[in-house]
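In: predicted model and sequence below, questions to follow.
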Amino acid sequence: MNDAHSSSASRTAVRDPRVLVIFGATGDLARRNLFPGLFRLFRAGLLPDDLRIIGSGRRARGDLQHFRDHLGEGAREFASEVFDARRWAEFAARIDFVAATTEDGSQLAEALRRAREEAGERAHPLLYLSVPPSIAEEMVRMVGRTGMADGASLIMEKPFGTDLASARRLDATIAEFVPEERVFRIDHFLGLEAVRTLLALRFGNGIFESFWNRDHVASVVIDVPEALGLEGRAAFMESTGTFRDMVSTHLCQMLGVAAIEPPARLDAEGLRARRLALFRSLRPLDPAETVFGQFDGYRDEEGVADDSTVETFVALRAWVDNWRWRGVPFLLRTGKAMGSSERLLTVRFREAPLALFAGGRGGRGERSSEGRGARPDDLPDELPDELSLELSDRPLLRLRLGAKRPGAELRVARGDLTFRPDIAFPDDEPLEAYEKLLLDALSGDQTLFTGAAEIERLWEVCQPVLDDPPGPLPYARGSWGPRAALDLAAPDGWAVRDA
Ligand SMILES: NC(=O)C1=CN([C@@H]2O[C@H](COP(=O)(O)OP(=O)(O)OC[C@H]3O[C@@H](n4cnc5c(N)ncnc54)[C@H](OP(=O)(O)O)[C@@H]3O)[C@@H](O)[C@H]2O)C=CC1
Ligand SMILES: O=C1O[C@H](COP(=O)(O)O)[C@@H](O)[C@H](O)[C@H]1O
């Protein structure tokens, strides 16, 4: 059977055979994203034919078949569009499991040595550290100590460190064993199709620059509520918290993509330089403009301390002090166990200087009942015009504007101009974020990976909140977070609204 995924002409097959070692292969990310992503690449014919994959965790939870079946269930659920039991079995035959801890990696090192020997001279290993940030440095030391890092490339999951000092230490430790050009610091939001959609929109068109600034933009909202709860990740949440997990990483990176200056080139160097410059202008976050929340019942979850003060929700207002953005609030929100799972980046525009049409501020009139796209039905009329982008692999781009309603009267209502790349270009196959980033790492392409300096700067920006974290306010499961967080986004509110 020919795999539909392989039809895209934009893909380049990876030819260099490698051995891939995934540390944290018994964890949530591996089951939910990494192995499903690798399986998609396999189905698309984009994995080197002789790629061997060694998964590792502290201990095996059964025999090898059990491990493969566990991953297979994940692929069935999270790569359902390409899942096929026969092809999974073919793919799974490449997967092994060898336990390793930060203290003892000898068996894994031996397994990797054998795999490299079997694969021959071109067996350049790729090591993927998908482990909690609290143990990342120890893990890198173990990997270096045992010789596994020799000649290897290294993918480091986010968050990279837990603060500025630990990120610097981690950078220094990695530098002892792996040259910088072989280090891939991953933030999978940067691998989303939507991010490249936004780059294309901003820098592939001549018109956007003229209004992409403080003169025309009233606010930027990055809204990432998640309906899911802990999903068995209590230990991770307790040691990391949502601020480090989501805000210092994904949400700040999305702010970066929305706000950077045009890069000289769309490569790793060009993008990293622009993000670093932007993050240098990002004002250190103010605890007084930050709300932490904890969902009701969090402390009753297995593995959570009875008196835990860990935040499962964060909302904040950030400011970029440069010529383009001075005075424009950037509103960031995310949390677990919220009303729905959505990811929206919304740029809200200033109103027209003169209200020529009846019924609204600056020219907005009555709402149309058509064309509201994915938004709930109860949008107040006074909401501003906006451009919003779903941060997904099949993004919807929507420009909401005032428009004349048909008929004799000159009535203005809100209407949406929408664009969906996967519908506009039905023959092209979008890539899921991890699929894209794994492919890039296997190919040695760093364009969509973050740089050390920008991560360090982001930790500096986050430090005031880490030093003086607001006490978490309770919120009901399935809600939109604590009341104080709703107030933070007044007057226009968050992008994902209480339906
Ligand atoms: N889950 C998600 O949706 C996403 C997670 N990430 C990132 O991926 C990384 C992993 O997250 P996730 O999979 O959710 O975490 P989990 O807690 O589900 O899994 C952690 C993994 O790390 C292993 N591990 C923990 N401590 C040690 C240790 N001392 N020595 C060896 N292995 C250890 C665990 O092994 P064992 O099972 O034996 O305990 C397990 O395989 C994190 O950095 C996270 O930020 C990024 C994007 C999304
Ligand atoms: O990095 C993380 O991301 C996920 C959200 O991303 P998704 O692509 O899996 O929806 C988040 O749930 C998790 O807590 C965090 O570690």
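Out: Okay, I see it. Ligands and ions are numbered 1, 2, ... in the order given.
In: make it CA atoms for all contacts and neighbour counts henceforth
Out: Noted.
In: of all residues in the protein, which one is nearest the centre?
Out: F189 (2.4 Å; CA atoms, centre = their mean).
In: where does it land on pLDDT?
Out: On pLDDT, F189 comes in at 98.
In: my guess is it contacts M246. True?
Out: No. Using CA atoms under 8 Å, F189 is not in contact with M246; the gap is 10.1 Å.
In: so what pLDDT did G360 get?
Out: 50.
In: show me where the stretch 251-400 of the chain has strands.
Out: 290-295, 313-319, 329-335, 344-349, 366-367, 386-390, 397-404 (DSSP state E, counting those that start in this stretch).
In: of the ones you listed, give the one that comes closest to ligand 1.
Out: strand 329-335 (12.9 Å; CA to the nearest ligand atom).
In: can I get that closest one in CSV, CA atoms only?
Out: Provided in CSV are the C-alpha atoms of strand 329-335 (Å, rounded to 0.1, in the frame of the first residue of the first chain):
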residue,chain,number,x,y,z
PRO,A,329,0.0,44.5,26.1
PHE,A,330,0.8,40.9,25.3
LEU,A,331,-1.7,38.7,27.2
LEU,A,332,-0.6,35.1,27.9
ARG,A,333,-2.8,32.4,29.4
THR,A,334,-2.6,28.7,29.8
GLY,A,335,-3.8,26.1,32.3
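In: and it with strand 313-319, angle?
Out: 170 degrees (axes from the mean of the first three to the mean of the last three CA atoms, to 10 degrees).
In: low-confidence ranges, this protein, go.
Out: Low-confidence segments of the chain, defined by pLDDT under 70: 1-17, 121-122, 358-383, 498-499.
In: which residue ranges make up the domains of this structure?
Out: 19-157, 190-354+380-432+471-489 (the TED database).
In: and the shortest one with ligand 1, contact?
Out: Yes. Applying CA under 6 Å from any ligand atom, one finds domain 19-157 in contact with ligand 1 at 24-30, 57-59, 100-102, 130-133, 157.
In: how far does that domain stretch from start to finish?
Out: Domain 19-157 stretches 18 Å from its first residue to its last (CA to CA, to the nearest Å).
In: next one: stretch 187-196
Out: For stretch 187-196, the end-to-end distance is 14 Å (CA to CA).
In: before we move on, what about stretch 440-457?
Out: Termini of stretch 440-457 sit 25 Å apart (CA to CA).
In: what's it in contact with?
Out: With CA atoms under 8 Å, 6 or more residues apart in numbering as the test, stretch 440-457 has contacts from 14, 16, 126, 155, 160, 164, 167-168, 171, 182, 184-187, 190-191, 266-269, 271-272, 275-276, 279-280, 437.
In: so which of those residues belong to helices?
Out: Mapping the contacts of stretch 440-457 onto helices (DSSP state H) picks out 164, 167-168, 171, 268-269, 271-272, 275-276, 279-280, 437.
In: of those residues, closest to ligand 1?
Out: L437 (12.0 Å).
In: quick one on the thing from earlier: need the strands of the stretch 251-400 of the chain in a markdown table with mean neighbour count, can you?
Out: Output for these, formatted as a markdown table (neighbours: other CA atoms under 10 Å):
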| stretch | mean neighbour count |
| --- | --- |
| strand 290-295 | 25 |
| strand 313-319 | 24 |
| strand 329-335 | 25 |
| strand 344-349 | 24 |
| strand 366-367 | 21 |
| strand 386-390 | 21 |
| strand 397-404 | 20 |
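In: can I get the ones you listed in CSV including distance to A149?
Out: Output for the strands of the stretch 251-400 of the chain, formatted as CSV (distance: least, CA to CA, whole Å):
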stretch, distance to A149
strand 290-295, 39
strand 313-319, 36
strand 329-335, 35
strand 344-349, 38
strand 366-367, 60
strand 386-390, 38
strand 397-404, 42
